[in-house]
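A.B. asks: from the sequence below, what's the structure:
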Amino acid sequence: MKIVHIKNKEKKDLYFPLGFPNEIKKDTFTYFIYGEGYKKIKKFDVLEEELPDRWEKLSWLDICYIVEKYGLIIGTEYADTKVAGIVARQTITGYFNLFKKCKHLLDKNNETDVEFFALLKCDYMLSCFGIYTFDVIDFDDRLAKLDPDYNAEECTYKDKKNVSISDYVEMKFGKKYVEIIDSLTTCEEKQNTPEE
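C.D. replies: Numbering: from 1, shown residues only. Below you'll find the predicted structure:
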């Protein structure tokens with residue numbers, strides 16, 4: 001995949017996929033930034049990077065590793081193939097904010113890690129306002145829907161009573177996954193996404 005690398009006015013690295021709406025004409029790179037519109041720049045580099053095809057079926061965890069290296073603009077290209085275009089940016093921004101908090105516990109080559117990470121979501125309403133926090137209630141509901149032996153409302157799992165979400169996660173997935181949940185529920189003062 002051809003990627004164009006530029007530095008913005010704040011000297012931050014930005015990466016864009018080469019192709020509509022981004023193009024090079026007469027030694028000028030014209031690019032589009034969400035919320036800002038079209039811009040032009042004469043100083044840029046074209047990189048030939050070994051990235052998966054845009055239509056390859058990637059996990060959310062795979063896409064987060066791409067965002068970590070190339071930023072949200074490239075990550076949105078991949079997210080757009082998984083969810084409706086209008087929410088692709090918001091969805092990958094949410095996943096990436098969760099990823100930053102727990103990446104030290106994740107292994108993209110571990111299938112359980114990949115599947116577990118896909119279950120995690122940010123609170124939708126808060127994410128509409130740029131606040132990306134882990135939605136533990138939605139997560140608990142998802143677990144209950146996936147496993148009929150787990151009742152999130154009554155806090156039971158099979159024949160056990162008073163089973164917390166942490167208890168269930170540890171029994172079903174292991175202690176590491178409780179640590180992932182703990183890392184996501186720890187408060188942070190500021191959130192940053194590699195974009196501009």
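A.B. asks: contacting residues around S127?
C.D. replies: If a contact means CB atoms under 8 Å, 6 or more residues apart in numbering, then S127 has Q90, T93, G94 as its contacts. Where C-beta positions appear, they are placed from N, C-alpha and C, glycine not excepted.
A.B. asks: name the nearest of these relative to Y70.
C.D. replies: T93 (14.4 Å; CB to CB).
A.B. asks: secondary structure class for T81?
C.D. replies: coil (DSSP: H, G, I helix; E, B strand; the rest coil).
A.B. asks: now it: closest residue in space, sequence neighbours ignored.
C.D. replies: W55 (5.9 Å; CB to CB, 6 or more residues apart in numbering).
A.B. asks: now do the helices in the protein.
C.D. replies: Secondary structure of the chain by DSSP state H: the helices cover 60-70, 72-79, 85-102, 111-119, 124-127, 136-146, 165-172, 175-185.
A.B. asks: which one of the ones you listed lies nearest to Y34?
C.D. replies: helix 85-102 (6.3 Å).
A.B. asks: any idea how far the closest one is from the chain center?
C.D. replies: Its chain's average C-alpha position is 3 Å from that of helix 85-102, according to CA atoms, centre = their mean, to the nearest Å.
A.B. asks: name the helices or strands packed onto it?
C.D. replies: Helices and strands touching helix 85-102, by 3 or more CB pairs under 8 Å, 6 or more residues apart in numbering; DSSP states H and E, are helix 60-70, helix 72-79, helix 111-119, helix 124-127, helix 175-185.
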